[in-house]
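Peer 1: everything below, folded, please.
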Amino acid sequence: MKKSELAFSALLVPVDALMLVAAGLFVYELRFNNAWIVGLRPVLSLIGEPEYIRGLLIVALVGIAVFAFGGLYTITSTRTLREEIVLVSYGCATLLVLVILGLFFARQIFFSRLLILGFLVFSILFVFIGRLLVRSIQRLFFQKGIGAHRVVILGAGETADALLKEFAWHPELGYRVIDRIKTIDGKTRARLEDLHRLYVVDEVLVADPRIEAHGWQSILAFADSTQRIVKYAADVTQRRQTRREMIMVGTVPVVEFKRTRLEGWGRVIKRIFDIVVSGILIVITSPIMLIAAMMIKADSSGPVFFRHLDDGSPVERVGETGMRFRYLKFRTMLPGTHGMRYGVLSRENTRADGPLVKLERDPRVTKVGRWLRRYSLDELPELFLVFIGAMSLVGPRPHFPEEVGKYTPDQRRVLTVKPGMTGMAQISGRSDLLFDEEVRLDLYYIENWSLLMDLWIVLKTPFVVLRGKSV
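Peer 2: Predicted coordinates:
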């Protein structure tokens, strides 16, 4: 544990208390002294300021206890902003429930509902801003090399290379690489001890999946004798299952490797989210879809939707577990030209990195179709596929059977879940990513799914789409 980390974690306690009090005072001012809000919702009974401030101080003290139980004061420098806002939201929501229960048992008959709702919203906002300020100062210190963890990286592969680049590009993460040891053997302990005497090593980061038993013994012996931390980085170039669950088979403990969090209730929650949001989006985007349909008909002859191949067979994409489903989107090409991508135009493929076929300045695309593709408007009819359950709002791209047939066994892991209209790959580079990078992002999503992640991706997608893409 670094003293700087302890100091910054301790600093969060008074900052959180101050922000809770500030949020309460801000909401009080809005509710009782803002003419517009008072005019909209007249005050029926005014709470005296001294009484309110005394109660607010008690709420702040209870809030610190709730945050402590919620893990908000765990000593760490690597928590992401998304993780921070989730923990703060849970903590403030729990605090609000306790406040309501306290008012109930205190037989406090009157209390402004606007005040309570406003406190929930602004307590989350204020506490998050306060924590963001503290973390920003801490990361500024890290960039100056103050309080950073001194680490030794062990390994010669791509995982170790990736870690070196990550630490070099992002000093605000709080890691400073002392040395890298490529060969791990019985002499590793002596080398680590020499480095420790010179620099005081805080952590040893092992980034070699092929390390042998004697190498581990050497590393652990160093850690035991010096009380240093040892961490293991999974190999980013090999298949790894990150979700494990311990279950009991009779009296025998067994580790089960989970494919995804989308099992059991996770699947149910995601499906409800898909139905509700896709239904809303269908209503909102229906005028856009109507205009797009009229433009397609005016621009070229042929159907509005791309539903059939050149031979009249239905268009299919590959979905969950490799099952095919009938696909639908707006037509953006001249009729009868789909098969050319695998025939006379196959030589123009710009995606030699994987099984996908992409054509630069595709001659089959109509003028309207090019505009629809640039802003992904041709994919709006996929909302209906989401609503009926063939697709999801968020997930890997739905690809043609011809493309999926060329997947490697590891790439086929993206078929674990339903394909999506948008996803990690789409908001991280759209069609410009290498296929392996796209798969890596999709696998991260599959193994780390959460409803909040889906919501974040859906909200970020319009901002990415509006920038347009090359077609």
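Peer 1: longest helix in this structure, please.
Peer 2: helix 265-299 (DSSP state H).
Peer 1: where in the stretch 1-150 of the chain is pLDDT low?
Peer 2: Scanning the stretch 1-150 of the chain for pLDDT under 70 picks out 1-2, 34-46, 75-79, 106-112.
Peer 1: coming back round to it: so which elements touch the longest helix of the chain?
Peer 2: Contacts defined by 3 or more Cβ pairs under 8 Å, 6 or more residues apart in numbering; DSSP states H and E place helix 265-299 against strand 329-330, helix 367-374, helix 382-388, strand 392-394, helix 451-465. The way it works is simple: take the backbone N, C-alpha and C, and place the C-beta from them, glycine included.
Peer 1: and if we set it to 10 Å?
Peer 2: Contact partners of helix 265-299 among helices and strands, from 3 or more Cβ pairs under 10 Å, 6 or more residues apart in numbering; DSSP states H and E: strand 305-306, strand 329-330, helix 367-374, helix 382-388, strand 392-394, strand 420-422, helix 451-465.
Peer 1: out of those, flag the one nearest A93.
Peer 2: When those are compared by Cβ to Cβ, helix 451-465 sits nearest A93, at 13.5 Å.
Peer 1: distance from the chain centre to the closest one, please.
Peer 2: Helix 451-465 sits 9 Å away from the centroid of its parent chain (Cα atoms, centre = their mean, to the nearest Å).
Peer 1: one step back: can you redo the helices and strands packed on helix 265-299 as CSV with mean neighbour count?
Peer 2: Formatted as CSV, those follow (neighbours: other Cβ atoms under 10 Å):
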stretch, mean neighbour count
strand 305-306, 18
strand 329-330, 22
helix 367-374, 19
helix 382-388, 20
strand 392-394, 27
strand 420-422, 24
helix 451-465, 15
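Peer 1: who wins for proximity to L290 among those?
Peer 2: The nearest among the helices and strands packed on helix 265-299, by Cβ to Cβ, is strand 329-330 at 11.4 Å.
Peer 1: so which bits of stretch 276-288 are buried?
Peer 2: Residues of stretch 276-288 classed as buried: 277-278, 281-282 (neighbour count, 16 or more other Cβ atoms under 10 Å).
Peer 1: if we can go back for a sec, for L117, which of the helices and strands packed on helix 265-299 is the nearest?
Peer 2: Using Cβ to Cβ, the nearest of these to L117 is helix 451-465, at 20.3 Å.
Peer 1: please name every helix or strand in contact with that closest one.
Peer 2: Against helix 451-465 (3+ Cβ pairs under 10 Å, 6+ apart) you get helix 81-105, helix 265-299, strand 392-394, strand 420-422, helix 435-448.
Peer 1: Throw the helices and strands packed on helix 265-299 into JSON lines and include mean pLDDT and distance to L6, thanks.
Peer 2: Shown next, in JSON lines, are these (pLDDT from 0 to 100; distance: least, Cβ to Cβ, whole Å):
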{"stretch": "strand 305-306", "mean pLDDT": "92", "distance to L6": "60"}
{"stretch": "strand 329-330", "mean pLDDT": "94", "distance to L6": "55"}
{"stretch": "helix 367-374", "mean pLDDT": "91", "distance to L6": "52"}
{"stretch": "helix 382-388", "mean pLDDT": "96", "distance to L6": "48"}
{"stretch": "strand 392-394", "mean pLDDT": "95", "distance to L6": "39"}
{"stretch": "strand 420-422", "mean pLDDT": "94", "distance to L6": "41"}
{"stretch": "helix 451-465", "mean pLDDT": "88", "distance to L6": "29"}
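Peer 1: export these to a markdown table and tack on distance to I153?
Peer 2: Shown next, in a markdown table, are those (distance: least, Cβ to Cβ, whole Å):
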| stretch | distance to I153 |
| --- | --- |
| strand 305-306 | 50 |
| strand 329-330 | 46 |
| helix 367-374 | 43 |
| helix 382-388 | 43 |
| strand 392-394 | 34 |
| strand 420-422 | 35 |
| helix 451-465 | 29 |
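Peer 1: I58: which of those is closest?
Peer 2: helix 451-465 (30.7 Å).
Peer 1: just the angle between the closest one and helix 435-448, please?
Peer 2: For helix 451-465 against helix 435-448, the angle by axes from the mean of the first three to the mean of the last three Cα atoms, to 10 degrees is 150 degrees.
Peer 1: can you tell me what sits against helix 451-465?
Peer 2: 82-83, 85-86, 89, 261, 266, 269-270, 272-274, 277, 281, 374-377, 379, 392-395, 420-424, 426-430, 444-445, 450 (Cβ atoms under 10 Å, 6 or more residues apart in numbering).
Peer 1: all strands for the stretch 151-300 of the chain, in order.
Peer 2: Taking DSSP state E, counting those that start in this stretch as the criterion, the stretch 151-300 of the chain contains strands spanning 175-181, 203-206, 229-232, 243-249, 252-258.
Peer 1: can you show me the CA trace of the first one as PDB?
Peer 2: The reference is to strand 175-181. Extracted C-alpha coordinates of strand 175-181, given in PDB (Å, rounded to 0.1, in the frame of the first residue of the first chain):
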ATOM      1  CA  TYR A 175       2.700   2.600 -12.700                       C
ATOM      2  CA  ARG A 176       6.300   3.200 -13.300                       C
ATOM      3  CA  VAL A 177       8.300   0.300 -14.900                       C
ATOM      4  CA  ILE A 178      11.600  -0.200 -13.200                       C
ATOM      5  CA  ASP A 179      12.800  -3.100 -15.500                       C
ATOM      6  CA  ARG A 180      11.600  -5.900 -17.700                       C
ATOM      7  CA  ILE A 181      13.000  -9.400 -17.300                       C
END
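Peer 1: who are the packing partners of that strand?
Peer 2: Against strand 175-181 (3+ Cβ pairs under 10 Å, 6+ apart) you get strand 149-154, helix 158-169, helix 188-199, strand 203-206.
Peer 1: mind doing that once more with 7 Å?
Peer 2: If contacts are counted by 3 or more Cβ pairs under 7 Å, 6 or more residues apart in numbering; DSSP states H and E, strand 175-181 sits against strand 149-154, helix 158-169, helix 188-199.
Peer 1: which of these is buried the deepest?
Peer 2: strand 149-154 (a mean of 23; mean count of other Cβ atoms under 10 Å).
Peer 1: tell me how far G186 lies from A213.
Peer 2: Distance, G186 to A213, using Cβ to Cβ, to the nearest Å: 11 Å.
Peer 1: can you check K3 too?
Peer 2: According to Cβ to Cβ, K3 stands 36 Å off from A213.
Peer 1: residues contacting V151?
Peer 2: 175, 177-178, 202-203, 205 (Cβ atoms under 7 Å, 6 or more residues apart in numbering).
Peer 1: ok, and the closest non-adjacent residue to V59?
Peer 2: V99 (5.9 Å; Cβ to Cβ, 6 or more residues apart in numbering).
Peer 1: what count of nearby residues applies to the one you found?
Peer 2: 19 (other Cβ atoms under 10 Å).
Peer 1: cool, and the one 5 residues further on?
Peer 2: A count of nearby residues for F104, using other Cβ under 10 Å, gives 11.
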